[in-house]
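Peer 1: Give me a 3D structure for the following:
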Amino acid sequence: MNQSHHIADIRKEYTLHELSIENLANDPIEQFQNWFKQAIDAQVNEPNAMTLATVNSEGKPNARIVLLKGIDSNSFVFFTNYNSQKGNEIAQNQFGAMVFFWPELQRQIRIEGKISKLSEEASTAYFKSRPIESQIGAIVSPQSQKINDRSILENAFEQYQNSMNDQVIEKPKHWGGYALNPSKIEFWQGRASRLHDRLRFELNETNNWEVFRLAP
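Peer 2: The predicted structure follows:
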């Protein structure tokens with residue numbers, strides 16, 4: 001079987017919903033929250049999972065799945081190791097993009113904007129809310145670095161866990177939160193015949209949101 005031909009034949013007709021400017025919230029954050037609630041109500045698998053795309057100083061893009069952990073002052077918040085590949089790329093180029101895809105609702109949301117670090121206080125507060133195992137993992141894992149095998153991580157985790165003696169775990173300096181402040185947010189609703197609805201909010205020169213319909 002020609003695998004490429006088989007892949008090309010995969011298709012699905014989108015007929016669940018439609019999206020019009022008249023039914024859109026005036027603010028894209030409110031619209032996001034409306035759709036996010038609907039995704040939760042529809043029991044979408046991990047509705048806060050998103051693709052985060054970053055670009056390094058050479059203009060080379062990179063993408064990975066991370067979890068949205070909140071919306072703070074109209075910015076989209078996530079947490080990671082500052083020394084990871086994504087952390088290094090954000091330090092080189094503060095502009096990034098996020099994509100949410102909810103196939104159960106035949107929807108995606110694309111977000112572009114500038115990424116900045118959260119305050120140390122906000123990062124510490126979230127770190128303390130995490131399970132202890134996740135706290136230890138953030139400390140012992142040299143994220144994005146080459147390691148010889150998995151036992152290095154498992155041994156480091158076990159050694160740290162055995163040395164705790166019930167003390168409170170402090171957030172490491174190399175770990176914390178980022179917030180993407182959006183300049184564009186696009187809401188995509190799958191429609192029949194590939195005539196999908198695409199409505200994009202863009203910040204204008206007066207820092208107000210304008211809405212445009214885009215061809216699919």
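
Peer 1: Tell me the spacing between the residue nearest to Ser57 when sequence neighbours are not counted and Asn62.
Peer 2: By the measure of Cβ to Cβ, 6 or more residues apart in numbering, the closest residue to Ser57 outside its immediate chain neighbours is Gln92, 4.0 Å from it. Heads up, the C-betas are built off the backbone N, CA and C, glycines and all. Per Cβ to Cβ, to the nearest Å, Gln92 is found 11 Å from Asn62.

Peer 1: do the same with Ala192
Peer 2: 34 Å.

Peer 1: again with Ser20
Peer 2: For Ser20, the distance to Asn62 - Cβ to Cβ - is 35 Å.

Peer 1: Which one's more surrounded, the two?
Peer 2: Using other Cβ atoms under 10 Å as the criterion, Ser20 and Asn62 rank with Asn62 on top: 13 against 10.

Peer 1: How is that one assigned, secondary-structure-wise?
Peer 2: strand (DSSP: H, G, I helix; E, B strand; the rest coil).

Peer 1: And the pLDDT for it?
Peer 2: Note for Asn62: predicted pLDDT of 97.

Peer 1: my read: it touches Ser84, true?
Peer 2: No. Asn62 is not in contact with Ser84 according to Cβ atoms under 8 Å; the separation is 10.6 Å.

Peer 1: re earlier: pull up the overlap in contacts between Gln92 and Asn62.
Peer 2: Both Gln92 and Asn62 are contacted by Asn56, under the criterion Cβ atoms under 8 Å, 6 or more residues apart in numbering.

Peer 1: next helix or strand past the lengthiest helix in the chain?
Peer 2: If you go by DSSP state H, the chain has its longest helix at helix 28-41. Next helix or strand after helix 28-41 toward the C-terminus (DSSP states H and E): strand 49-55.

Peer 1: Show me which positions of that next one end up buried.
Peer 2: Residues of strand 49-55 classed as buried: 50, 52-55 (neighbour count, 16 or more other Cβ atoms under 10 Å).

Peer 1: For Phe201, state which of the residues you listed is nearest.
Peer 2: Lowest distance from Phe201 to the buried residues of strand 49-55 (Cβ to Cβ) belongs to Met50, with 17.3 Å.

Peer 1: If that closest one is in a bridge, with which residues?
Peer 2: For Met50, the beta-bridge partners are Val66 (DSSP bridges).

Peer 1: and the residue nearest to Ser57, how far is that from Thr54?
Peer 2: With distances taken as Cβ to Cβ, Gln92 is found 9 Å from Thr54.

Peer 1: just Lys146 next, same as before
Peer 2: From Lys146 to Thr54 the distance is 20 Å (Cβ to Cβ).

Peer 1: go on, Ser123?
Peer 2: Ser123 sits 19 Å away from Thr54, going by Cβ to Cβ.
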